[in-house]
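fold the following and give me the result.
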Amino acid sequence: MGSEWWAQAENLKSLGLLIFFVTFCLIVLWIYSNRDRSNRLEEQKNIPFLDDDHD
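Coordinates of the predicted model:
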């Protein structure tokens with residue numbers, strides 16, 4: 001039964017959709033769980049403009 005199930009295109013489409021959906025949900029959870037990183041990057045974005053002028 002195992003190899004017959006994989007041979008049917010209808011099953012592979014559903015399995016592919018499930019894999020992509022789970023991957024998408026994991027990426028979204030990973031992004032929203034790392035709020036500390038986004039705050040750190042927000043503070044560091046102006047570092048190049050903090051240098052003193054050497055005129």
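
would you state the helices of the chain in chain order?
Secondary structure of the chain (DSSP state H): helices located at 2-7, 9-33, 35-44.

switch these over to a markdown table; also include mean neighbour count and distance to Leu50.
Every C-beta, even on glycine, is put in place using the N, C-alpha and C of the backbone. Below are those laid out as a markdown table (neighbours: other Cβ atoms under 10 Å; distance: least, Cβ to Cβ, whole Å):
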| stretch | mean neighbour count | distance to Leu50 |
| --- | --- | --- |
| helix 2-7 | 8 | 58 |
| helix 9-33 | 10 | 28 |
| helix 35-44 | 9 | 10 |
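
export those helices to CSV and tack on mean pLDDT?
Formatted as CSV, the helices of the chain follow (pLDDT from 0 to 100):
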stretch, mean pLDDT
helix 2-7, 72
helix 9-33, 89
helix 35-44, 70
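
check contacts around Gln8.
Gln8 makes contact with no residue, according to Cβ atoms under 8 Å, 6 or more residues apart in numbering.

got the phi/psi numbers for it?
Phi and psi for Gln8, reported as degrees, to the nearest 10, are phi -90, psi 130.

okay, it: pLDDT?
Note for Gln8: predicted pLDDT of 80.

for Asn34, give its distance to Glu10.
Asn34 sits 37 Å away from Glu10, going by Cβ to Cβ, to the nearest Å.

Leu29 too?
Distance from Leu29 to Glu10, by Cβ to Cβ: 29 Å.

ok, Ile27 next?
For Ile27 relative to Glu10 (Cβ to Cβ), the value is 27 Å.

cool, Leu50 as well?
Taken as Cβ to Cβ, the span from Leu50 to Glu10 is 59 Å.

cool, and Phe49?
Relative to Glu10, and taking Cβ to Cβ, Phe49 is found at 57 Å.

and Leu12, what does it touch?
Neighbours of Leu12 in contact, by Cβ under 8 Å, 6+ apart: Trp6.

redo that, cut-off 10 Å
Trp5, Trp6 (Cβ atoms under 10 Å, 6 or more residues apart in numbering).
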